[in-house]
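Peer 1: Provide a 3D model corresponding to the input given below.
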Amino acid sequence: MPIVGAATSSIYRSPSATVELGGHLFLGWAPNKGRRPWKGGIPTAGRAVLGLADRSSFSTGGWVVFCPGCVLTVHNDASLHVGEESYVNFAVRILCHDRIRIGPSTAIGWETLIMDSDQHHLATDRRWRSMTAPVTIGAGVWIGARCTILKGVTIGDGAVVAAGSVVTTDVPAGCLAKGNPAEVVATDVSWR
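Peer 2: Next up is the predicted model:
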């Protein structure tokens, strides 16, 4: 399946990395009758970058959109999967050291950071903690702008994470979470 992107978008890939696309990957812009959308006040500058290290993998379902400024980094032996009809807004960073799975029909807001690693080893009470833990984001999730999703978190299907939240623990399906650290403030939510 084709990868479509702005001329300034890039894919950096080691020879042992794998890319499996179940549809179109729109890297750097979204389809809009054959031309770039969002003329005028919304920024379209900045390339989208996908970097794949040794023995890493990136896969999608159907079509997936990564807007300009997105940076996706998949480290050695790690895997990133993004479900069909998911939309990743401007300047999102996804840092994958282990495993990140994003379900179908998920919307991720501007300048969000998703990472499954502490980036450094950390000891507490003289015991070393695991540096990585998988992140799972369910189907139909809405993550607001400038959120941070940290290692080991599962966000259930249909959940909503309010803008600016820092998610350090699981968010159940169909719930609204907000704050730093994010806490569930409503249940039985829906969005469109």
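Peer 1: going forward, measure contacts between C-alpha atoms and count neighbours the same way
Peer 2: OK.
Peer 1: What is the end-to-end distance of stretch 82-96?
Peer 2: With Cα to Cα, to the nearest Å as the measure, stretch 82-96 spans 12 Å from end to end.
Peer 1: mean confidence for it?
Peer 2: In this model, stretch 82-96 has a mean pLDDT of 94.
Peer 1: Run the chain-centre distance for that stretch.
Peer 2: With Cα atoms, centre = their mean, to the nearest Å as the basis, stretch 82-96 stands 4 Å off its chain's centre.
Peer 1: Could I get the buried residue list for that stretch?
Peer 2: The neighbour-count criterion (16 or more other Cα atoms under 10 Å) identifies 82-96 as the buried residues of stretch 82-96.
Peer 1: Residues touching that stretch, excluding its own?
Peer 2: 22-23, 59-75, 78-80, 101-117, 139 (Cα atoms under 8 Å, 6 or more residues apart in numbering).
Peer 1: What are the neighbouring residues in contact with the residue nearest to residue 123 when sequence neighbours are not counted?
Peer 2: Of all residues not flanking residue 123 in the chain, residue 129 sits nearest, at 5.8 Å (Cα to Cα, 6 or more residues apart in numbering). The contact partners of residue 129, taken as Cα under 8 Å, 6+ apart, are 121-123.
Peer 1: Helices of the protein, start to end?
Peer 2: For the chain, no helices are identified by DSSP state H.
Peer 1: so where's the chain uncertain?
Peer 2: For the chain, the stretches flagged by pLDDT under 70 are 1-9, 29-46.
Peer 1: which residues touch residue 127?
Peer 2: Applying Cα under 8 Å, 6+ apart, no residues qualify as near residue 127.
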